[in-house]
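Novice: Sequence and predicted structure below; questions after.
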2 protein chains.
Amino acid sequence: MLGLILRRQSERKYSNKPVEPDRLERIIEAGRMAPSACNAQPWKFVVATDAEVIAGLAKAASAKLLGMNGFVGQANVIVVIVREKPNITSRVGGVVKSKDYSSFDVGIAVNSMILQAAAEGIGSCIIGWFDEKEVKRILGIPSSRRVDLMITLGYPEGERRNKKRKPGDVTVSYNRY
Amino acid sequence: MLGLILRRQSERKYSNKPVEPDRLERIIEAGRMAPSACNAQPWKFVVATDAEVIAGLAKAASAKLLGMNGFVGQANVIVVIVREKPNITSRVGGVVKSKDYSSFDVGIAVNSMILQAAAEGIGSCIIGWFDEKEVKRILGIPSSRRVDLMITLGYPEGERRNKKRKPGDVTVSYNRY
């Protein structure tokens, strides 16, 4: 498992090879089966496989001035994560503890999907910067919903990079902050 | 990978068998290497292994009236996830897009840890309901920080349950919401 976590990286270059339907299904299933606060599952996954839809989403994500997300159109599939209203238990709990549990839930589901993708040999990249209104328009998502993140999927063509992380003695401590 | 995702469940009963240090290290490492928006890694993991600290955290998490979290004291280890300030790129991005990317990041890291735990044969449960002030006091966490979640770890003694999830046709759609 840790090997897979270390192998996974944000892939920003994809080949033309399509993601096989059974692989895609398992990736989505990994998200669907993810745990969430009070089992609320506050998400809907809109899976873009249509070339025109993908092109639209890529345009909504591109930020030329910032030099970001130019690669999104290369993706073979884009999974758009829509936040749905959590169940009452999670909502009330969140109000009492002033925590938005459903954001953690979305992160959890997204991580399960990118790890399943890595296990399938499929590259992925989490996209958090896009024109949300435009994404909603393209996919017919109700304006009341938030679109938190998207995941690009495709066979990777980029090089393996070394992970850069803060050292363990900054990130981890024992029994005391 | 999907097999592991399906096997993982929220474990609320643990044996006395200690979690071996090398397994615990790999679980923490899984969180440390998790991806995050702009690689901000907005987290610190405080790992409680001391029996007295664990007892204190268990008391802070117990909600007798709600019949919740009575099992936390059985945990052999508790990982407390403290949210740290994200880097400037993630912060500015979050303001522009009115998204708190660091909540997604926390969910991602937590999921990597519980999946690594499952791979090690260690049971886990994500705890989101606790007296945050008290947890901070016990661990000496600065009052400016948020403590989002905790993870209990230990060898599981509970029974395997079937996962209950919304059906796929509710959670998933293609090319259109």
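Specialist: Nice, thanks for sending it over. Keep in mind it's a predicted model, so treat the numbers as computed, not measured.
Novice: Now A:Ile108: which helix or strand?
Specialist: helix A:101-119 (DSSP states H and E).
Novice: what about the helices in chain A?
Specialist: According to DSSP state H, chain A carries its helices in the segments A:2-7, A:21-32, A:51-61, A:88-96, A:101-119, A:132-139, A:168-171.
Novice: from these, which stretch is densest packed?
Specialist: helix A:101-119 (a mean of 27; mean count of other CB atoms under 10 Å in any protein chain shown). (Each C-beta comes from the backbone N, C-alpha and C, glycine too.)
Novice: Okay, angle between that helix and helix A:21-32 too, please.
Specialist: With axes from the mean of the first three to the mean of the last three CA atoms, to 10 degrees defining the directions, helix A:101-119 sits at 150 degrees from helix A:21-32.
Novice: what about helix A:101-119, distance to the chain center?
Specialist: Distance, stretch centre to chain centre, for helix A:101-119: 7 Å (CA atoms, centre = their mean, to the nearest Å).
Novice: Over in chain A, which residue gets nearest chain B? Let me know.
Specialist: A:Gly107 (2.4 Å; CB to the nearest CB).
Novice: longest single strand anywhere in chain A?
Specialist: Ranked by residue count under DSSP state E, the longest strand found in chain A is strand A:146-154.
Novice: coming back round to it: between the helices of chain A, which gets the lowest average pLDDT?
Specialist: Note on the helices of chain A: lowest mean pLDDT is at helix A:88-96, with a mean of 90.
Novice: Would you mind extracting the C-alpha trace of it into CSV?
Specialist: Output in CSV follows, covering the C-alpha atoms of helix A:88-96 (Å, rounded to 0.1, in the frame of the first residue of the first chain):
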residue,chain,number,x,y,z
ILE,A,88,-28.9,15.4,9.3
THR,A,89,-26.6,13.7,11.8
SER,A,90,-23.5,14.9,10.0
ARG,A,91,-25.0,18.4,9.5
VAL,A,92,-26.0,18.8,13.1
GLY,A,93,-22.7,17.4,14.3
GLY,A,94,-20.9,19.8,12.1
VAL,A,95,-22.8,22.8,13.4
VAL,A,96,-22.3,21.8,17.1
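Novice: ok, the nearest residue to A:Glu11 once chain neighbours are set aside to A:Lys164 distance?
Specialist: Among residues not flanking A:Glu11 along the chain, A:Gly123 sits closest, at 3.0 Å (CB to CB, 6 or more residues apart in numbering or on different chains). Distance, A:Gly123 to A:Lys164, by CB to CB, to the nearest Å: 19 Å.
Novice: Comparing these two, which residue is more hemmed in?
Specialist: A:Gly123 (26 against 7; other CB atoms under 10 Å in any protein chain shown).
Novice: residues contacting the more buried one?
Specialist: Residues near A:Gly123 by CB atoms under 8 Å, 6 or more residues apart in numbering or on different chains: A:Gln9, A:Glu11, A:Tyr14, A:Ala117, A:Leu153, A:Gly154, A:Tyr155, A:Pro156, A:Gly158.
Novice: One more: A:Gly70?
Specialist: Counting by CB under 8 Å, 6+ apart, the residues that A:Gly70 touches are A:Ser62, A:Lys64.
Novice: now it: how far from A:Ala63?
Specialist: From A:Gly70 to A:Ala63 the distance is 8 Å (CB to CB).
Novice: Equivalent analysis for A:Arg23, please.
Specialist: The spacing between A:Arg23 and A:Ala63, counted by CB to CB, is 29 Å.
Novice: what's the answer for A:Glu52, then?
Specialist: For A:Glu52, the distance to A:Ala63 - CB to CB - is 21 Å.
Novice: Then A:Arg176?
Specialist: 41 Å.
Novice: do A:Ile28 as well
Specialist: Distance from A:Ile28 to A:Ala63, counting by CB to CB: 27 Å.
Novice: again with A:Ile27
Specialist: Relative to A:Ala63, A:Ile27 is positioned 26 Å away (CB to CB).
Novice: what do you get for A:Glu157?
Specialist: Taken as CB to CB, the span from A:Glu157 to A:Ala63 is 22 Å.
Novice: ditto for A:Asp50
Specialist: On the measure of CB to CB, A:Asp50 and A:Ala63 end up 23 Å apart.
Novice: try A:Glu134
Specialist: For A:Glu134, the distance to A:Ala63 - CB to CB - is 12 Å.
Novice: Likewise for A:Asn175?
Specialist: 43 Å.
Novice: same check, this time on A:Leu2
Specialist: Distance from A:Leu2 to A:Ala63, by CB to CB: 33 Å.
Novice: Contact partners for A:Pro35?
Specialist: By CB under 8 Å, 6+ apart, the neighbours of A:Pro35 are A:Ile108, B:Arg8, B:Ser10, B:Asn111, B:Ile114, B:Ile126.
Novice: Pick out whichever of those sits closest to A:Met33.
Specialist: B:Arg8 (8.9 Å; CB to CB).
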